[in-house]
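**Q** take this sequence and fold it.
(2 chains)
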Amino acid sequence: MINKTDNNRAWLLVVPVVVLVAFSAIIPLMTVVNYSVQDIFDPQTRIFVGTEWFREALLDERLHGALGRQVLFSLMVLLIEVPLGIAIALCLPRRGPWVSFCLILLALPMLVPFNVVGTIWQIFARADIGLGGWLMTELGFDYNYTASPLDAWLTVLVMDVWHWTSLIVLLCYAGLLSIPGAYYQAAQIDGASRWAIFRYIQLPKLTNVLVIGVLLRFMDSFMIYAEPFVLTGGGPGNATTFLSQQLTTLAVGQFDLGPAAAFSLIYFLIILLICWLFYTAITHLSTR
Amino acid sequence: MQESGFKKRYILLGLYLLAVMLPLYWLLNMSFKTNQEILSGLTFFPQTFTLDNYRLIFTDAAWYSGYINSIIYVVMNTAISLAVALPAAYAFSRYRFLGDRHLFFWLLSNRMAPPAVFLLPFVQLYSSVGLFDTHLAVALAHCLFNVPLAVWILEGFMSGVPKEIDETAYLDGYTWPRFFTTIFMPLIKTGIGVTAFFCFMFSWIELLLARTLTTVEAKPIAAIMTRTVSASGIDWGVLAAAGVLTIIPGALVIWFVRKHIAKGFALGRL
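**A** Numbers count the residues shown, from 1 in each chain, chains lettered A, B, ... in the order given. From the prediction side, this is the model:
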């Protein structure tokens, strides 16, 4: 840990970031706050309505449904991607000609734009023209993601696992590489089991990178929009309508600015709260 | 014993990589097929190999301008993000100053803001300052999530550089800007590369803001792809070809950073 010196002139170095982020975050956020307490008919006619939109949003059943699906989705994403990512990272070779090859293949899905991910899976999972859908049918499943809510849900989940597990893999792989070979030799002399090596040598080294991975995956899966939008359009019914899509429907589709703004603020606060809880819990655990 | 352990590892890895590649292969496969073949049944290789889908994209300005627009705003965003994040990350890694912790968490909280929340305010804000439908608007909007991330990653790398280096340089009579550009930045060049990679990645794959903030002039490829849906159905072949072309810039970037992927992903925090 670096020993930092007190110096308030360091603010000068931070000013550009503060100005830029203030322009693209504070002004829009204040606009949202402004909307959330008004009823807007047109730019000239606005009525102050206080907390009415907040009360309405908190009692809105569509919001409850979307929130429930969202929490379940993010939880499943973390439960699958983190263990799978660690497992794949452990399987990767440490050195040799294949390392670069494997890493490039792993990194590829991450650089596919969100909507193209949706397109890829649309093409892949359709039962009539897609390899995945065809395979599922051949294996005897009655698979159709456009009609069955469960199939749609699972397809969105598999799509996210496909897209983002690599992030966890690469983070963990970087963590594993930093473990000195002497640690393993010592463990071998002690006759440590494979599990003991993982638990007491590898896992502690992974804590830091896993914190980053879990936080990034949580934030991004909680904001998921374009992938299910392209793949399922939020359907069938609203089985795969998550919070962002519910919000855009309200704000852009129905142009209900007030309620949409109140919804936005609640949405943002939920993310902030959960991330803060995550962050304090994890840092608390790792310092103990 | 050791041998069989090795083999199991590689079988699992191989299966996973295969699963990752299958959907991409299918996209590539489909981009070389005619629509007639796509709809008439499942074929594992294109029976009538065609480049027509690609030809359409490369000859129609409405198509290929989308790629150019996307690349322009992504590069602008990466440059802006790095330029403002570098000094800030240095300040956070070296100094204690009034409100530094709060400022840092506030910055990070912007990375958590769902783009959907900022959609309408952004449209109004950029319209009122005359930036709507320009590349700069999208580049600035993407700073919302990329600048905090850049500061976060760079701070990790910078904290790994011993402070004695700064102090020695100051004693040798270096001014801060000269020290920073000629000594410090080369020391953390892996970190800068990784940060640029992350900025590029998150800006390149974002769609919602990019699509909403543009109408004609700076329309990204992601929005143009919806053109393939028409009254007569979806033009699958062209859609697949357009998809393949969106993956190529990303693949090129990965190729350039392949040597640094392994170490760089630790983000300096080990």
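**Q** and A:G235, helix, strand or coil?
**A** Of the three states, A:G235 takes coil under DSSP: H, G, I helix; E, B strand; the rest coil.
**Q** show me where the chain has its helices.
**A** Chain wasn't specified; assuming chain A. Using DSSP state H, the helices found in chain A span residues A:11-21, A:27-36, A:52-59, A:61-91, A:98-107, A:114-125, A:131-138, A:149-177, A:181-189, A:194-197, A:203-222, A:226-231, A:243-248, A:257-287.
**Q** I was after chain B.
**A** Going by DSSP H, chain B shows helices at B:2-31, B:35-40, B:52-59, B:61-94, B:100-111, B:115-128, B:135-159, B:163-171, B:176-179, B:185-187, B:189-205, B:208-212, B:221-224, B:236-264.
**Q** closest one to A:L78 among the ones you listed?
**A** When the helices of chain B are compared by CB to CB, helix B:100-111 sits nearest A:L78, at 17.3 Å. Just so you know, the C-beta spots here come from the backbone N, C-alpha and C atoms, and that holds for glycine as well.
**Q** domain ranges for the chain?
**A** Chain wasn't specified; assuming chain A. A:10-50, A:60-287 (automatic domain parsing).
**Q** that's the wrong chain, I wanted chain B
**A** What automatic domain parsing lists as the domains of chain B is B:1-28, B:60-264.
**Q** ends of the longest one, how far apart?
**A** Translated: domain B:60-264. Domain B:60-264 has an end-to-end distance of 39 Å (CA to CA, to the nearest Å).
**Q** quick check: mean pLDDT of that domain?
**A** Across domain B:60-264, pLDDT averages out at 86.
**Q** list the contacts of the closest residue to A:G118 other than its chain neighbours.
**A** Using CB to CB, 6 or more residues apart in numbering or on different chains and skipping residues adjacent in sequence, the residue nearest A:G118 is A:V230, 2.7 Å away. Listed by CB atoms under 8 Å, 6 or more residues apart in numbering or on different chains, the contact set of A:V230 reads A:F114, A:N115, A:V117, A:G118, A:T119, A:Q122.
**Q** verify the contact between the last one and A:L231 for me.
**A** Read that as A:Q122. Yes. With contact defined as CB atoms under 8 Å, A:Q122 and A:L231 form a contacting pair (5.4 Å).
**Q** neighbours of the closest residue to B:L86 other than its chain neighbours, how many?
**A** Closest residue to B:L86 apart from its sequence neighbours, by CB to CB, 6+ apart: B:L154 at 6.4 Å. By other CB atoms under 10 Å in any protein chain shown, 27 other residues sit near B:L154.
**Q** ok, now A:Q188?
**A** Using other CB under 10 Å, A:Q188 has 10 other residues around it.
**Q** that one and B:Y174, how far apart?
**A** Using CB to CB, to the nearest Å, one obtains 48 Å as the distance from A:Q188 to B:Y174.
**Q** name the nearest residue to A:E56, sequence neighbours excluded.
**A** Counting by CB to CB, 6+ apart, the residue nearest A:E56 is A:P259, at 5.9 Å.
**Q** contacting residues for that neighbour?
**A** By CB under 8 Å, 6+ apart, the neighbours of A:P259 are A:W53, A:E56, A:A57, A:D60, A:L250.
**Q** nearest residue to the closest residue to chain B within the stretch 1-150 of chain A other than its sequence neighbours?
**A** Per CB to the nearest CB, A:L111 is where the stretch 1-150 of chain A lies closest to chain B, at 2.7 Å. Closest residue to A:L111 apart from its sequence neighbours, by CB to CB, 6+ apart: B:G250 at 2.7 Å.
**Q** is it true that that neighbour touches B:W204?
**A** Yes. In this structure B:G250 lies within contact range of B:W204 using CB under 8 Å: 6.3 Å.
**Q** overlap in contacts of the two?
**A** Joint contacts of B:G250 and B:W204 (CB under 8 Å, 6+ apart) are A:L111.
**Q** ok, those two, which is more surrounded?
**A** Higher neighbour count among B:G250 and B:W204: B:W204, with 28 against 22, using other CB under 10 Å.
**Q** contacting residues around the residue nearest to the more buried one when sequence neighbours are not counted?
**A** In this structure, B:W204 finds its nearest non-sequential neighbour in B:V74, 5.1 Å apart by CB to CB, 6+ apart. For B:V74, the contacting residues are B:A139, B:H142, B:F200, B:S203, B:W204, by CB under 8 Å, 6+ apart.
**Q** if we go to 7 Å?
**A** The contact partners of B:V74, by CB atoms under 7 Å, 6 or more residues apart in numbering or on different chains, come to B:F200, B:S203, B:W204.
**Q** ok, of those, which one's closest to chain A?
**A** Closest to chain A, out of all of these and judged by CB to the nearest CB, is B:W204, at 6.4 Å.
**Q** so the closest one sits right up against A:F114, yeah?
**A** No. If you go by CB atoms under 7 Å, B:W204 and A:F114 don't touch, sitting 9.9 Å apart.
**Q** next one: A:G118 from B:Y64, what distance?
**A** Computed with CB to CB, the distance linking A:G118 and B:Y64 is 22 Å.
**Q** then B:Y174?
**A** As judged by CB to CB, B:Y174 and B:Y64 stand 47 Å apart.
**Q** deepest in the core, which of the helices of chain B is it.
**A** When the helices of chain B are scored by mean count of other CB atoms under 10 Å in any protein chain shown, the highest mean neighbour count falls to helix B:135-159 (a mean of 25).
**Q** can you pull up the most central residue in chain B?
**A** The residue lying closest to the centre of chain B (CA atoms, centre = their mean) is B:M201, at 1.3 Å.
**Q** ok, it - contacts?
**A** Contact analysis of B:M201 by CB under 7 Å, 6+ apart lists A:M110, A:L111.
**Q** give the contact list for A:L272.
**A** Shown in contact with A:L272 (CB under 7 Å, 6+ apart): B:S109, B:M112.
**Q** now a PyMOL select for only the buried ones of the contacts of A:P259.
**A** Selection of buried members from the contacts of A:P259 for PyMOL, criterion 16 or more other CB atoms under 10 Å in any protein chain shown:
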select buried, chain A and resi 53+56+57+60+250
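**Q** how close does the residue sitting furthest away from the middle of chain A sit to B:A19?
**A** Distance from the centre of chain A peaks at A:I189, with 41.3 Å (CA atoms, centre = their mean). Using CB to CB, we find A:I189 at a distance of 38 Å from B:A19.
**Q** and if you look at A:M30?
**A** Relative to B:A19, and taking CB to CB, A:M30 is found at 46 Å.
**Q** go on, B:E167?
**A** 51 Å.
**Q** next: B:F200.
**A** The value you get for B:F200 to B:A19, if CB to CB is used, is 26 Å.
**Q** try A:V71
**A** Distance from A:V71 to B:A19, by CB to CB: 27 Å.
**Q** ok, for A:P109, nearest residue in space, not its chain neighbours?
**A** Nearest residue to A:P109 in three dimensions, chain neighbours excluded: A:H163, at 5.2 Å (CB to CB, 6+ apart).
**Q** give the burial count for the one you found, as a bare number.
**A** A:H163 has 25 neighbours, counted by other CB under 10 Å.
**Q** what residues does it make contact with?
**A** Counting by CB under 7 Å, 6+ apart, A:H163 makes contact with A:P109, A:M110, A:V117.
**Q** and the residue nearest to A:E56, how far from chain B?
**A** Applying CB to the nearest CB, to the nearest Å, the value for A:P259 to chain B is 12 Å.
**Q** returning to what we had before: can you check the pLDDT for the residue of the stretch 1-150 of chain A closest to chain B?
**A** 86.
**Q** check B:W26 too.
**A** 89.
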